[in-house]
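Colleague: Output the structure for:
(one chain, ligands or ions: 1)
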Amino acid sequence: MGRMKEMLAEYDFDPMTVIEAKCPLCGHESTVEVETLAYLRWQNGTYLQDAFPTLSPAERETVKLGFCLPCQDALFSPPEDEPEED
Ligand SMILES: [Zn+2]
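Modeller: Next up, the predicted model:
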């Protein structure tokens, strides 16, 4: 990655990139701030978890699919115990 860093150093680029994601369920717009170099790696095919090892799983989910945190809770948390009825 050294070469890319040198290449980018010639430009006045922002070291951080803000990813904006709109939740497909509720429309809430989330933002996740990531390193620009990591973002570029991801854009070039690096796996999300390899490109952004410091993000929480929830933040990665926001980056990938846009779901906001409350919707992720609703989607991915185990369902409440419901009494089974026959
Ligand atoms: Zn949402």
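Colleague: same for whichever strand or helix holds Val34, what does it pack against?
Modeller: Assigned by DSSP states H and E, Val34 belongs to strand 29-35. Contacting strand 29-35 under the criterion 3 or more Cβ pairs under 8 Å, 6 or more residues apart in numbering; DSSP states H and E are the following elements: strand 16-22, helix 57-65. Where C-beta positions appear, they are placed from N, C-alpha and C, glycine not excepted.
Colleague: okay, these in JSON lines with distance to Glu33 next?
Modeller: Converted to JSON lines, these look like this (distance: least, Cβ to Cβ, whole Å):
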{"stretch": "strand 16-22", "distance to Glu33": "5"}
{"stretch": "helix 57-65", "distance to Glu33": "10"}
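Colleague: most packed of these?
Modeller: Mean neighbours per residue, mean count of other Cβ atoms under 10 Å, is largest over the helices and strands packed on strand 29-35 for helix 57-65, with a mean of 17.
Colleague: Let me see the contact set for the residue positioned nearest the centre of the chain.
Modeller: When Cα atoms, centre = their mean is applied to the chain, the residue found nearest the centroid is Val63 (2.3 Å). Contacts for Val63 (Cβ atoms under 8 Å, 6 or more residues apart in numbering) come out as Ile19, Ala21, Val32, Val34, Trp42, Leu48, Phe52, Leu55.
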